[in-house]
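A.B. asks: got a predicted structure plus its sequence, pasted below:
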Amino acid sequence: MSQATGHKHDHDVHEHTAEEVEGLMGLARDLGVCAEQIATTAARLTALLSDPVLLRSVAASPRTGAKVTARLGRAIAGGLGCGTETNRLGKVIAMLTSATGRESLPALVAASALKTRVRALTKLHPELREDADLAALIAAIEGDRQVEAVRRFRRLMKERGTQQALGAIAPVFIELSGLIALLDENPFNDAVGWNFAVGKPPTGEPLLGVSMTWVSAFEKGEGSAIPVGLPPEVSLDDTGTIAGHMRNIGVLRPYGYMLLQRVRAGDGAERWLLVLPGMTSDTVSSDSTQDLVGAIRNTQLTESTYTRALRTTFAAAGVPDGAEIALIGHSQGGVVAMNIVSDAELVERYRFTHLVAVGSPVDYKKPLVADLWVASVTNQHDIVPALDGRGFGAVHNPHPDWYEVDFADGRHGFPACHGAKRYAENLAEDIPEAAAHIDRKLTGYRGEVLGTAAFRLSDK
Amino acid sequence: MPADPVHGKYSRVRTIADLVRAEADRMRRQAQVLADMPAVAPDAVLREELDGHGRRCQTVARQLDALAATIDAHAGAVEGPAVRRHLPEIAAAIGVGAAVGAGVYALSRRTK
C-alpha cells in the first residue's frame, strides 16, 4: 500500500490512529522540552564545581566549603547527572557515573521521548509491533539490553538478509540509534542521542560518537567537473518530470555523471537544470566526490570538493550571470544542491528558483535563497534521508514551508529502496499526485531541451 | 565588629545560593510536568517510567534546597571574621603545638 503525503505526519491512515499518533508525538515533544529544562539545571550545577568564586570561598572556609562540595557532588552524581551539553569537568563526571551504569536524568527523560516516538511510529507501521522478531529487538533496545539487542539484530540479518532487516527497522532507525546512544555505557555518543531526541542535527555517529566533522576532514582536493560525452548506450528521458530526472540519474549511476541542461520552457524563456547524482563510488574514500567521506562531509558542512567543482562549472558551461536555475538531486546530490544554495557567491551570481531533493538528508540545511521552492521526497524505509538525525518520526520541523513527501511502498528492502530508479518508480506509481505537484512547480523547466552537458566529478 | 575584608570578595556566594534555589524550583516544575504526563502515556511501562522521572526530579529538588541552605551557611562563614572561619584549624594547630611542646618538655626532663 502506498502512502503519499504533502507533509510529514499527515498520513493516509485511519483518523483515530492519526489522532493517537499526533497525541504521542505531542507527548514526545513535551518530554524533549522537559529533558532540555532538566539538562539546563544539570549544566548550571556542573559549572558550579569549577566556579572560581565558589572555589576561592571553599579555601577561605574549608569546613563549610567541604559541606557545600559534598552536597553539590551528591546532587550531581547521585541524582541529576551532568547532561550532555556540559563543560570538560562535566564530561569527566559523566564518564565516571556512566561507568557505574547510572544514566543522567536528562538522558533518561530524552530516552522516554524517543520511546514515545517509537510507540507513535508503530501505530503507523503496525508490522513493527506485529512482527515478533522486530518487537523483541525494539524491546531489547528500549530496555537497555544491549547484548540481547545485538544478538537479535544479527539473527534478523542472517534470517532475512541485510536489505530486509535494515529496511524493516528503517521507520524507527533514528529513534533506536538515539536510544542506544543515550542508554549505553559510552558517554561519548550521548550527545548524538540527545540531538535526535530534542531535534538538533547530530555531530557524531551514534555507536561510538566519532565526530563527523573529523571524518569530513579526510576529503581533500580542489574539486573539478570534467566535461564528458554521454556513452552511446545511454538514452536520456527528456520529459522533464521529476520521475524522468530520477530515471536519468539511475541510468547514469554506473558513470556517476552530473547533467546540466538548457531548456526552453513553454513561456519561451531559457532556463537551466542541474541534475546531481548521489554516491556512485562504492568505496569509503576515492578520487570521486561521490564517496562515503564526501557524503558525510556534504551532510555536515556546506562546502566540499563536490561544491567546489560546481563553483566554476556554471561559468565554464556558459550559464550566464542571473540565469534561472533549478536543482534536482538524489541522495548526496540533494545535499550538494542544498550546499549550492548556501554558497553566498553562487547565490549572488545566479537565480536559483527550485530545488528538489529525493532520498536526501537535507532537513537541517539552511538555504540562503529566501524565495526558493523546496521539495523533499523520502521513502520511510530508506535510512539515508534520516542520516541527518531527522527521521520519519521527528517531532520538530525546521522548514514548515517546504513541500515534504514521505511515503511507504510496502517493499522494505534497503538499500534497494534508496536507488534513483526505485524512486522514479515510486514517483510514477506510488505517489503520482505528489509527482504531478512537483512537475507543475517545475513547469518553467520543462519544454524543449536545447542542450545537455555531462560532467564527471573528481576530488582533484 | 569591623567589616571583614573578604565580605565584598565573596558576596557572589549568596547569589549562587539563590541560583541553586531557582534550579530547585525548575526541578519541581519539571516534576509537576512529568506527573501530569502519565495521563496521556500510552501504556503502563511508559507511565511507570515517567512517574520514576518525576520522583527523581523531586529528590533532586530537595537535594538542591539542602544545597542552597548549606551554601547560605557557607556564605555566612566566609563573610564572618577570619579567626572564626579558621577556628578548627587554629584549635588543631594549638593542640598539635601543645602536644609537641609537652613531648619535647618530657624528653628534656628525662635526658636531664
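C.D. replies: Sure thing, it's come through. Residues are numbered from 1 along each chain as shown, chains lettered A, B, ... in the order given.

A.B. asks: show the contacting residues for the most centrally placed residue in chain A.
C.D. replies: Taking Cα atoms, centre = their mean, the centroid of chain A lies closest to A:D388, which sits 2.2 Å from it. Listed by Cβ atoms under 8 Å, 6 or more residues apart in numbering or on different chains, the contact partners of A:D388 are A:P201, A:P202, A:T299, A:P361, A:V362, A:D363, A:Y364. (Glycine included, C-beta is placed from N, CA and C.)

A.B. asks: please redo it, this time with the cut-off set to 7 Å
C.D. replies: The neighbours of A:D388, taking Cβ atoms under 7 Å, 6 or more residues apart in numbering or on different chains as the test, are A:P201, A:T299, A:P361, A:V362, A:D363, A:Y364.

A.B. asks: check A:G161 too.
C.D. replies: Not one residue lies near A:G161 by Cβ under 7 Å, 6+ apart.

A.B. asks: now the residue nearest to the centre of chain A: closest residue in space that isn't a chain neighbour?
C.D. replies: Among residues not flanking A:D388 along the chain, A:P361 sits closest, at 3.6 Å (Cβ to Cβ, 6 or more residues apart in numbering or on different chains).

A.B. asks: tell me the phi and psi of the one you found?
C.D. replies: Main-chain dihedrals, A:P361, degrees, to the nearest 10: phi -80, psi 90.

A.B. asks: separation between A:T307 and A:M279?
C.D. replies: From A:T307 across to A:M279, the span is 15 Å (Cβ to Cβ, to the nearest Å).

A.B. asks: assign a three-state SS to A:K460, would you?
C.D. replies: Three-state assignment for A:K460 (DSSP: H, G, I helix; E, B strand; the rest coil): coil.

A.B. asks: in the chain, where is pLDDT below threshold?
C.D. replies: Assuming you mean chain A. A:1-15, A:83-101, A:204-221, A:280-298, A:300, A:393, A:412, A:459 (pLDDT under 70).

A.B. asks: chain B is the one I meant
C.D. replies: In chain B, residues with pLDDT under 70: B:1-8, B:81-86, B:112.

A.B. asks: run the last query once more with 80
C.D. replies: Residue ranges of chain B with pLDDT under 80: B:1-10, B:38-42, B:80-90, B:111-112.

A.B. asks: now the longest helix belonging to chain B, how far from the centre of its chain.
C.D. replies: Longest helix in chain B, counting residues (DSSP state H): helix B:44-79. Distance of helix B:44-79 from its chain centroid, counting by Cα atoms, centre = their mean, to the nearest Å, is 13 Å.

A.B. asks: now check that helix, is it near chain A?
C.D. replies: Yes - using Cβ under 7 Å from any Cβ of the partner chain, we find that helix B:44-79 touches chain A at B:46, B:49-50, B:53, B:56-57, B:59-60, B:63-64, B:66-67, B:70-71, B:73-74, B:77-78.

A.B. asks: which of those are buried? Put it as a PyMOL command.
C.D. replies: To isolate in PyMOL the members of the residues of helix B:44-79 next to chain A that are buried, counting by 16 or more other Cβ atoms under 10 Å in any protein chain shown, one can use:
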select buried, chain B and resi 46+49+50+53+56+57+59+60+63+64+66+67+70+71+74+77+78
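
A.B. asks: report the secondary structure state of A:S235.
C.D. replies: coil.

A.B. asks: since we're on the residue lying closest to it once chain neighbours are set aside, how many residues are nearby?
C.D. replies: Ranked by Cβ to Cβ, 6+ apart and with sequence neighbours excluded, the top spatial neighbour of A:S235 is A:V251, at 7.5 Å. Neighbours of A:V251 under the rule other Cβ atoms under 10 Å in any protein chain shown: 20.

A.B. asks: quick one: A:V251 from A:A424, how far?
C.D. replies: 10 Å.

A.B. asks: element containing A:W194?
C.D. replies: helix A:190-198 (DSSP states H and E).

A.B. asks: so what secondary structure elements neighbour that helix?
C.D. replies: Packing partners of helix A:190-198 (3 or more Cβ pairs under 7 Å, 6 or more residues apart in numbering or on different chains; DSSP states H and E): helix A:15-49, helix A:105-124, helix A:173-183.

A.B. asks: test my guess that A:R74 contacts B:Q63.
C.D. replies: Yes - between A:R74 and B:Q63 a contact is recorded at 6.4 Å, counting by Cβ atoms under 7 Å.

A.B. asks: quick check, A:L260 in contact with A:L274.
C.D. replies: Yes - with contact defined as Cβ under 7 Å, A:L260 counts as touching A:L274 (5.5 Å).

A.B. asks: neighbour-wise, which of these two wins?
C.D. replies: Neighbour count, other Cβ under 10 Å: between A:L260 and A:L274, A:L274 has more, with 26 against 23.

A.B. asks: does the more buried one sit in a helix, a strand or a coil?
C.D. replies: strand.

A.B. asks: how is the chain carved up into domains?
C.D. replies: Assuming you mean chain A. The record's domain parsing of chain A by automatic domain parsing lists A:1-210, A:224-458.

A.B. asks: let me rephrase: I mean chain B.
C.D. replies: According to automatic domain parsing, the domains of chain B span B:1-80, B:82-112.

A.B. asks: out of the ones you listed, nearest to A:S50?
C.D. replies: Closest of the domains of chain B to A:S50 is domain B:1-80, at 12.7 Å (criterion: Cβ to Cβ).

A.B. asks: ok, now which ones touch the residue nearest to A:D388?
C.D. replies: Counting by Cβ under 7 Å, 6+ apart, A:P361 has contacts A:T299, A:V335, A:V384, A:P385, A:A386, A:L387, A:D388.

A.B. asks: now those in a markdown table, with distance to B:G103?
C.D. replies: A markdown table is the format used below for the contacts of A:P361 (distance: Cβ to Cβ, whole Å):
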| residue | distance to B:G103 |
| --- | --- |
| A:T299 | 74 |
| A:V335 | 79 |
| A:V384 | 80 |
| A:P385 | 80 |
| A:A386 | 76 |
| A:L387 | 74 |
| A:D388 | 74 |
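
A.B. asks: ranking by neighbours, what's the top pick from those?
C.D. replies: Busiest of the contacts of A:P361 [other Cβ under 10 Å] is A:V335, holding 32 neighbours.

A.B. asks: I'd like the distance between that one and chain B.
C.D. replies: 35 Å (Cβ to the nearest Cβ, to the nearest Å).

A.B. asks: for that residue, what are its contacts?
C.D. replies: Under the criterion of Cβ under 7 Å, 6+ apart, the neighbours of A:V335 are A:N298, A:T299, A:S360, A:P361, A:V362.

A.B. asks: of these, which is the nearest to chain B?
C.D. replies: Distance to chain B across the contacts of A:V335 (Cβ to the nearest Cβ) is lowest for A:P361, with 28.9 Å.

A.B. asks: thinking again about what came up before, if you compare the domains of chain B, which one is most tucked away?
C.D. replies: Of all the domains of chain B, domain B:1-80 has the most neighbours on average by mean count of other Cβ atoms under 10 Å in any protein chain shown, namely a mean of 18.

A.B. asks: just how off-centre is that one within its chain?
C.D. replies: 12 Å.

A.B. asks: secondary structure added to the contacts of A:P361, as TSV?
C.D. replies: What follows is those, written out as TSV (three-state DSSP):
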residue	secondary structure
A:T299	helix
A:V335	helix
A:V384	helix
A:P385	helix
A:A386	helix
A:L387	helix
A:D388	helix
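
A.B. asks: ok, which pair from these is furthest apart?
C.D. replies: A:V335 and A:A386, at 13.0 Å, using Cβ to Cβ across the contacts of A:P361.

A.B. asks: quick check: closest non-adjacent residue to A:K200.
C.D. replies: Using Cβ to Cβ, 6+ apart, the nearest residue to A:K200 is A:G389, at 7.2 Å.

A.B. asks: next up, phi/psi of the one you found, please.
C.D. replies: Torsion angles, degrees, to the nearest 10, at A:G389: phi 100, psi -10.

A.B. asks: what about it, distance to A:P171?
C.D. replies: Counting by Cβ to Cβ, the gap from A:G389 to A:P171 is 15 Å.
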